[in-house]
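Student: A structural model of the following input is requested.
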Amino acid sequence: MVSFLDVRNIVKAASFTATLTWRHLRTEPARLPLLALRAAPGPLRRGVHRAAPRLGPLPTAYALWDAGRRTQAVDTVRSAAHGASPRSLARLFAFALAAEEPRLAEELLERLPEGPRRAAPEHRLALMTGRAVPAETTDQGRPLKVTPNRRTRRDAAMNDGESAAENPRVLHLVTNALPHTNAGYTQRTHRIALGQREAGLDPHVATRPGYPLTKGIPDPRPKVEVDGVPYHRLLPWTAPADSGQEVRAGLRYAAPLVERLRPDILHAASNHQNARLALELGARYGLPVVYEVRGFLEESWLSRDPSRSTRDAYYRSERARETACMEAADLVVTLGETMRADIVARGVDAEKVLVVPNAVDESFLEPLPSGESLRAELGIGPDDFVVGTTTSCYSYEGLDVLVDAVAGLRRRGVPAHAVIVGDGPELGALRERAAVAGLDSAAHFPGRVPAGEVRRYHAILDVFAVPRRDERVSRLVTPLKPVEAMAGGLPVVASDLDALREIVEPGMTGALIPPDDSEILGDHLEKLSYSQKTREAYGRAGRERVGLNRTWRAAAYRYIGAYAALTRKLSEPGHMS
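Tutor: Next up is the predicted model:
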């Protein structure tokens, strides 16, 4: 039977979705076809691809882009621009923005006639390229900051005299979460919560305002449980128009949650939107705030287009906002020593920056299942050499280098296969690259798989590859996926970058090679293909290393120690928040 609260939540979700859709239609109407195609079932998607050429150049460009044929999509738009009317040029320009092709957008902008009609497209292009930032991002030229509450934390009455030492309650503030989003970010959140619960803490998780409706998932429930961990949703009636409104909506809906749960610690995870919300809540209720920096999102933004620069307004603004949150937090947690060094170099007090590296559930240390059935299903022979990865398909991952290396191995006579498990904007282009390279049935792209299926794919691999490009984000951020592979006893071949040196020890757990070089990658893979003994030795050493210090249980106890030290420090007489 549907209750009044159920009906209210459904109506609220409908209202939020309607306002969100309207905002997208008003601000980015050209992006909707790309999102719709990505979400469409396979048969419908292929039908649109076939029908598009009969509908005109713009539908053709959308279909080509969705199929991963991006060069052809850009060429189609360029051809359509010759002799096009200003209105048609504006539509083609909107496609270029939606596809995040700034150079194409600049070419089309030059074709638009001078005058008032050109000002809006110029501003949109400046926002997209990061040469400008939205007005709400700054306050009189400075990054938006939180205003701390000056009462002492010891005077906060959140616990009503109850002892926080017996079962400290932690409220994690995150962007997205299980069960609807399965990624390294959400797995880390969940594993930390499970480890903390097992260690005696009481963890709760709250997602960003509007999630999961913001991802097109029609789930209006205000709370779900995953493996016994409570996940709370902050669902406003209307979609926030900008990041400032999002923080205010978060406060409006998170404040009652804080008052009901009475947490002892607020623990926000990247990015600064979550940190700002935690800091505002911490100031209001006198609670300590932990900010867990899981990545540098301004560096990820920088990596997606070579024309972007550290001098761009967007990069500088995002970095400043992140740094301000790190400085304001009572404790900063990050994933590796390279990341810690970057945070300290920004001026953050080194004594309050703690490393809790990516880890694995202890079940990952168990022997891998048999890979025979999956190999047979994919058409991989029992003696074929399989190299692959589980990741998100972004350009900085260097997956094209892996495809080229496997193609080179096959030309040398090695019966090699590539397996790339994951999804992302580069997946279509990778499939096309593999086809052009002649890999055909030797390249496998199963897409994103459930977390429970990851080890099944690990079981068919002989080597796990992390061919990241030599870019700032790759040098700084330590990934989770190779740690999971090492736990299963797989040797790892990775790019020789600072963040990856923290994971792979050359000659012990795998190999480090120069990035962006498919030939050298192929050489190392070929040597490993001929030496099962070396692969097994690397795998054993990797599993032992992960088992010693990279389990979520060990991470949970690090958090407990850090929380306790933080609480003691903030309870000292005279300490002000």
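Student: Return the backbone torsion pair for residue 390.
Tutor: phi -120, psi 120 (degrees, to the nearest 10).
Student: My read is that it contacts residue 483, right?
Tutor: No. Using CB atoms under 8 Å as the test, residue 390 is too far from residue 483 to be in contact (11.4 Å). For glycine as for every other residue, the C-beta is placed from the backbone atoms N, C-alpha and C.
Student: So for the two, which sits in the more crowded spot?
Tutor: Neighbours per residue (other CB atoms under 10 Å) separate residue 390 from residue 483, with residue 390 holding more: 24 against 21.
Student: residue contacts, the more buried one?
Tutor: 421-422, 449, 454, 457-458, 481, 484-485 (CB atoms under 8 Å, 6 or more residues apart in numbering).
Student: Those in strands, which ones?
Tutor: For those, the ones inside strands are residue 421, with DSSP state E as the criterion.
Student: Can I get the buried part of the contacts of residue 390 as one ChimeraX selection?
Tutor: In ChimeraX syntax, the buried subset of the contacts of residue 390 is picked out as below (16 or more other CB atoms under 10 Å):
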select :421,422,454,457,458,481,484,485
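Student: with the contacts of residue 390 in mind, which one is nearest to residue 221?
Tutor: Distance ranking of the contacts of residue 390 against residue 221, using CB to CB, places residue 449 first at 24.9 Å.
Student: can you pull the contacts of that closest one?
Tutor: 390, 421, 457.
Student: Got the phi and psi for it?
Tutor: Dihedral angles (degrees, to the nearest 10) for residue 449: phi -120, psi 160.
Student: just residue 388 next, same as before
Tutor: Backbone torsions of residue 388, given as degrees, to the nearest 10, read phi -170, psi -170.
Student: Check the secondary structure at the closest residue to it other than its chain neighbours for me.
Tutor: In space, residue 388 comes closest to residue 419 once its chain neighbours are excluded; the distance is 3.2 Å by CB to CB, 6 or more residues apart in numbering. For residue 419, the assignment made with DSSP: H, G, I helix; E, B strand; the rest coil gives strand.
Student: so what's residue 229 closest to, chain neighbours aside?
Tutor: residue 193 (4.5 Å).
Student: same question, residue 428
Tutor: Per CB to CB, 6+ apart, closest to residue 428 is residue 68, 2.1 Å.
Student: Over to that neighbour. Which of the three states is it?
Tutor: coil.
Student: give the contact list for it.
Tutor: 427-432.
Student: at 6 Å what do you get?
Tutor: Contacts of residue 68 were listed using CB atoms under 6 Å, 6 or more residues apart in numbering, and they are 428-429, 431-432.
Student: re the thing from before, looking at the contacts of residue 449, which one is closest to residue 169?
Tutor: Of all those, residue 169 sits closest to residue 390, with 33.4 Å by CB to CB.
Student: Any idea what that closest one is bridged to?
Tutor: residue 421 (DSSP bridges).
Student: Need the per-residue pLDDT for it.
Tutor: At residue 390, the model reports a pLDDT of 95.
Student: That one and residue 265, how far apart?
Tutor: 32 Å (CB to CB, to the nearest Å).
Student: Strands of the stretch 351-500 of the chain, residue ranges please.
Tutor: Ranges of strands within the stretch 351-500 of the chain are 353-355, 385-390, 416-421, 443-447, 463-466, 492-495, based on DSSP state E, counting those that start in this stretch.
Student: what residue ranges in this structure are flagged as low confidence?
Tutor: Along the chain, the parts satisfying pLDDT under 70 run over 1-2, 4, 136-166, 573-577.
Student: How about the contacts made by the residue nearest to residue 388?
Tutor: 386, 388, 444.
Student: could the residues you listed be laid out in a markdown table, adding neighbour count?
Tutor: Compiled in a markdown table, these are given as follows (neighbours: other CB atoms under 10 Å):
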| residue | neighbour count |
| --- | --- |
| 386 | 23 |
| 388 | 26 |
| 444 | 21 |
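Student: and which of the residues you listed is nearest to residue 78?
Tutor: residue 444 (33.7 Å).
Student: how about the nearest residue to that closest one, chain neighbours excluded?
Tutor: That would be residue 419: by CB to CB, 6+ apart, it lies 4.6 Å from residue 444.
Student: got the contact list for the helix or strand harbouring residue 21?
Tutor: Using DSSP states H and E, residue 21 falls within helix 4-27. Applying CB under 6 Å, 6+ apart, the contact partners of helix 4-27 are 210, 213, 220, 235, 237-239.
Student: Likewise for stretch 468-488?
Tutor: Applying CB under 6 Å, 6+ apart, the contact partners of stretch 468-488 are 184, 295-296, 299-300, 303, 335-336, 338-339, 342, 358, 360, 364-365, 368, 390-391, 396-398, 458, 464, 466, 492, 495, 497-499, 502-503, 515-516, 542-543, 546, 550.
Student: Any buried residues in it, and which?
Tutor: Here stretch 468-488 shows 468-469, 471-488 as buried, counting by 16+ other CB under 10 Å.
Student: which residues touch the nearest residue to residue 498 once chain neighbours are set aside?
Tutor: Of all residues beyond its chain neighbours, the one nearest residue 498 is residue 338 (4.5 Å), with distances taken as CB to CB, 6+ apart. By CB under 6 Å, 6+ apart, the residues touching residue 338 are 476, 498-499.
Student: With distance to residue 128 added, can I get those in JSON lines?
Tutor: Listed next are the contacts of residue 338 as JSON lines, based on distance: CB to CB, whole Å:
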{"residue": "476", "distance to residue 128": "24"}
{"residue": "498", "distance to residue 128": "30"}
{"residue": "499", "distance to residue 128": "28"}
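Student: which of those residues lies closest to residue 350?
Tutor: Nearest member of those to residue 350, counting by CB to CB, is residue 476, at 16.9 Å.
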